[in-house]
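Peer 1: What follows is a predicted structure for the sequence shown.
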Amino acid sequence: MIQVDGEITEVASPPNKADQFRDVTIWLPETEEHVEFRFFLEMFQSAGFAEGDKISIKLEKKFDIDSLTKDLMNM
């Protein structure tokens, strides 16, 4: 598992999809990069994201054992 902390630096409406989505740009000081996520409007509104908010992102690697087994059997 990897966890990184960042700050929301920009919230924007994507062209032609403003009624459905919001783009959220997050600055990650640890990597010194911006990362952008696109959220459904309902999810964005329920989370209450705003510029300046601190945010933590947790990444977990999951794998499908059935798929892995098939790959191994085909070798």
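Peer 2: Here it is on my side, so go on. Computed from a prediction, not measured in an experiment: that's the story for all the values here.
Peer 1: shaky segments in the chain?
Peer 2: 63, 68-75 (pLDDT under 70).
Peer 1: Direction included, what does the longest strand belonging to the chain pair up with?
Peer 2: For the chain, the strand with the greatest residue count under DSSP state E is strand 2-12. Applying DSSP bridges, strand 2-12 is found paired with strand 21-28 (antiparallel), strand 54-59 (antiparallel).
Peer 1: would you list the ones you listed in TSV and tack on distance to residue 44 and mean neighbour count?
Peer 2: The way it works is simple: take the backbone N, C-alpha and C, and place the C-beta from them, glycine included. Shown next, in TSV, are the strands paired with strand 2-12 (distance: least, C-beta to C-beta, whole Å; neighbours: other C-beta atoms under 10 Å):
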stretch	distance to residue 44	mean neighbour count
strand 21-28	4	17
strand 54-59	13	10
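Peer 1: would you list the ones you listed in JSON lines and tack on distance to residue 6?
Peer 2: Formatted as JSON lines, these follow (distance: least, C-beta to C-beta, whole Å):
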{"stretch": "strand 21-28", "distance to residue 6": "4"}
{"stretch": "strand 54-59", "distance to residue 6": "6"}
